[in-house]
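Q: Starting from these lines, generate the structure:
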Amino acid sequence: MKCDQATIPTLQSQKKLFRDSMGSKYFSPSPLGIKEKLGDRFIPCRASTNLQTKFLGEEEKIKTKRKDPILGSTTNGTGDASGGNSRNNSSNTSGEGSNSNAGSGLLSKEEQQLNSYSQLLQSQLLGDENATENICWDPYNTSSLEMSAGCATASKRGAKNFFKFKNEVRKSDPSCTGTSIIGMDADKFFPSAHAMMLNQTHRKISKVPFKVLDAPQLQDDFYLNLVDWSSQNLLTVGLGPSVYIWSACTSKVTKLCEVSPSNDSITSVAWSQRGTHLSVGVNSGETQIWDIQQLKLVRTLGGHLGRVSSISWNNSLLSTGSRDRTILQHDVRAPEDYQQKLVGHKQEVCGLKWSFDGQQLASGGNDNKLFLWNIQSTTPVAKFSDHQAAVKAIAWSPHQHGLLASGGGTADRTIKFWNTLTLECVKSLDTGSQVCNLMFSKNDNELVSTHGYSLNQIILWKYPQMQQVATLTGHTFRVLYLSMSPDGESIVTGAGDETLRFWNVFPPLKTKTVNIFGCSSGLIPPSMDIRQLSIFLVNLHNL
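A: Below is the predicted model:
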C-alpha cells in the first residue's frame, strides 16, 4: 500500500498530531487572538484522583468513533483498529491538513500519559529539570499535554521554570462539587473561605423577639428618651411619673422613684458609663442623679426652664438638652448646678450624644439642625442643615473615628453619615419612614435603626454598603425607644403600644479575652476615667 508522502516529523507536526489525537475539545484557541497570560504558580486541581490513569483527564472510552491521525484508521476510543485498515495506511481525509507518519517511534496515548506522569514525578520529587523538557502542562485543563516548540525553545535557553500555568478565573458550576479521595463531598467537611464568609454574612436572625415585657404608661412622644440599658445589665424605663429598673440577670423589677406632684412626669433617663449612677430628667426641668447601689437620690440639678428631653454622660460630665432650646454642662463633682450653657438651637433639643473619645458632642433639635460641639468651647464648631425634619436619632461609630450618623423625622426620612473631621456628609440614604433611633453595633460594622410613620419597623444595616441585613416588625406604634445590651448582641425597643421587645440582632464578639478586672473588653475597662487610669498605670508600673 502507498503512502502519500514520507516526511520527517517535526516538533510542530508532533504538536498537530497530538492535538488531533487528543481531540479538539481540549485545545480551544484564545478568543480574538489575545495571548493568554501564564504564571509560574501551580494550584492543584482535584478533577481526578487516580493520577496514573486520569493524569490527562481524558475518558478511557470515547463513545463517538473518529479517524485516528496516528494509525490512519477508525478507532472506537480503546486504541483498537476497526474496519480492516492496516497500520501502514496513514492517510488523513479530515480536511484540516495532515502529516503522514510511519508510526515507528511514536508511543501509544496510554504510554505517553504514563511517560509524562513519570517525568513529572521525577522532576518534582528528584529535582531533575531535564525530565520535563518536552512537557507543557495546564493544570486547569489536565488533558492538554503538549509537545510544543515553545517548551523545547525554553529548555534550550536554559529557562529556570519549565511549567507555565494559566491564571484564569473558573466559573463555578453547581453541578460540579469538590470530591475528596474517599469520593464524598469535600465542601461538607472542608468548607471554603467563600462559603464561610457567606454563612457569616447571611447569618440567621430571628424575626420574632425572644422576650416581650409590658410597659404601661410608656409615652408615645417622639422627643423623649425613656429607655436605657446599663453596663451592669440593668434596664431602666420611665413609665408615667415613675422609674422602674429591670434586671436582665434575675428578671427582678424594682421601682426606683416616683416624681411629685402628680402632674409631673419622667421625660428622659440615662446611665453613667460605669452603670453605678442613673440620671433622670423630669418635665419640670430638673435632673435627678440616683445611686443605684444604695437606691438613693444623690443630688438634683437645676438650670432648665423646660422639660429635660435628652441626657448624655461623659465620665463625670453630664449634658442635658431641654425644651428651653439650651444644653447645660453639669460636673457632678462640683457644687454648682451647671458649668456651661450651650446656646444655638431654635427649638427643643431632642437628641444628644457624646463621642466615644469624649471630645465631641452632637446635638439634634426640632429645628431640623444637627450641631457639633467641642468640649472646650461654648459655640458649635459645625452646623448641619441638610435634614428636613427634627433630628432625634444620633449615633457615633465605635469602629471609625469621627463617623457620625443622624436620622430625620417624618418629613425627612433619611439617614445621613458625617465625617466630623472634615465636616462633610459622606452618605445619605432615604429609608422611606420616620427615623426615630440609630445605634452602631459594638461587635461588628453594622447599624440598627428604628422607624415610625408609617412602617413602625426595625432595620439592621450593613455599613458602609447600607444593605439591609434584616427587617423586624411587631410593634403597632412608632418604635420611639432603643437601647443595647452590655454584650452588644441584643437590643430592646419600646413603642407607644406599651411594650418592650427584646431582639437578638448583632453577632457576638469574634475574640473575647478576660482582663484583670474580670471584663471581656481588654486590659482597661472603658468606664475608667482619667484619674483612675493614672492610678492604675502607677500601680502597674510598681509591679
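
Q: Now do residue 283 against residue 480, distance only.
A: Distance of residue 283 to residue 480, computed by Cβ to Cβ, to the nearest Å: 17 Å. C-betas here are computed from N, CA, C, even on glycine.

Q: The two: who's more crowded?
A: Legend: neighbour count by other Cβ atoms under 10 Å for residue 283 and residue 480, higher for residue 480 (28 against 19).

Q: and the more buried one, what element?
A: Using DSSP states H and E, residue 480 falls within strand 479-484.

Q: Give me the mean pLDDT for the very next helix or strand once past that strand.
A: Downstream of strand 479-484, the next assigned helix or strand under DSSP H and E is strand 490-495. When pLDDT is averaged along strand 490-495, the result is 97.

Q: Strand partners (parallel or antiparallel) of strand 490-495?
A: If you go by DSSP bridges, strand 490-495 pairs up with strand 479-484 (antiparallel), strand 499-504 (antiparallel).

Q: Any buried residues in the last one, and which?
A: Within strand 499-504, the residues that qualify as buried are 499-503, counting by 16 or more other Cβ atoms under 10 Å.

Q: Could you list everything the nearest residue to residue 253 once chain neighbours are set aside pairs with in the sheet?
A: What sits nearest to residue 253 in space, not counting adjacent residues and going by Cβ to Cβ, 6 or more residues apart in numbering, is residue 246, at 5.2 Å. Taking DSSP bridges as the rule, residue 246 bridges to residue 235, residue 253.

Q: Please name the residues that touch residue 246.
A: Shown in contact with residue 246 (Cβ atoms under 8 Å, 6 or more residues apart in numbering): 213, 234-237, 252-254.

Q: Have a look at the protein and report its longest helix.
A: Criterion DSSP state H: the longest helix present in the chain is helix 109-126.

Q: helices or strands up against that one?
A: The helices and strands touching helix 109-126, judged by 3 or more Cβ pairs under 8 Å, 6 or more residues apart in numbering; DSSP states H and E, number zero.

Q: you'd agree residue 313 is up against residue 276?
A: No - judged on Cβ atoms under 8 Å, residue 313 makes no contact with residue 276 at a distance of 11.1 Å.

Q: As CSV, the buried residues of strand 499-504 with distance to residue 292 and pLDDT would be great.
A: Formatted as CSV, these follow (distance: Cβ to Cβ, whole Å; pLDDT from 0 to 100):
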residue, distance to residue 292, pLDDT
499, 25, 97
500, 19, 97
501, 24, 98
502, 21, 98
503, 25, 97
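
Q: what about the strands in the stretch 351-500 of the chain?
A: Remark: strands assigned in the stretch 351-500 of the chain by DSSP state E, counting those that start in this stretch are 360-365, 370-374, 382-384, 391-396, 403-408, 414-419, 424-430, 435-440, 446-451, 458-462, 467-472, 479-484, 490-495, 499-504.

Q: Tell me the strands beside the fifth one, with direction?
A: By that I understand strand 403-408. strand 391-396 (antiparallel), strand 414-419 (antiparallel).

Q: Quick one: mean pLDDT for it?
A: Averaging pLDDT along strand 403-408 yields 98.

Q: Return the alpha-carbon coordinates of it using PDB.
A: Extracted in PDB, the C-alpha atoms of strand 403-408 (Å, rounded to 0.1, in the frame of the first residue of the first chain):
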ATOM      1  CA  LEU A 403     -18.000  59.000  61.900                       C
ATOM      2  CA  LEU A 404     -21.400  60.300  63.000                       C
ATOM      3  CA  ALA A 405     -24.900  59.100  61.900                       C
ATOM      4  CA  SER A 406     -28.100  61.100  62.100                       C
ATOM      5  CA  GLY A 407     -31.700  60.500  61.200                       C
ATOM      6  CA  GLY A 408     -34.600  62.800  60.300                       C
END
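
Q: and it, which residues are buried?
A: By 16+ other Cβ under 10 Å, the buried positions in strand 403-408 come out as 403-408.

Q: what do you get for the longest one?
A: Neighbour counts over strand 424-430 (16+ other Cβ under 10 Å) mark residue 429 as buried.

Q: Likewise for the shortest one?
A: Of the residues in strand 382-384, those scored as buried under the neighbour-count criterion (16+ other Cβ under 10 Å) are 382, 384.

Q: what pairs with that strand, and is each one parallel or antiparallel?
A: Sheet pairing for strand 382-384, using DSSP bridges, gives strand 370-374 (antiparallel).

Q: Tell me the buried residues in the partner strand?
A: If you call a residue buried by 16+ other Cβ under 10 Å, then strand 370-374 has these buried ones: 370-373.

Q: Can I get that strand in CSV, CA atoms only?
A: Extracted C-alpha coordinates of strand 370-374, given in CSV (Å, rounded to 0.1, in the frame of the first residue of the first chain):
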residue,chain,number,x,y,z
LEU,A,370,-27.5,69.0,63.8
PHE,A,371,-24.8,70.8,65.8
LEU,A,372,-21.4,69.6,66.6
TRP,A,373,-19.8,71.0,69.8
ASN,A,374,-16.2,70.8,71.2
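
Q: what does that strand rub up against?
A: 327, 342, 344-345, 359-365, 380-387, 391, 394, 404, 406, 418, 420, 423.

Q: average pLDDT for it?
A: Here the average pLDDT along strand 370-374 is 96.
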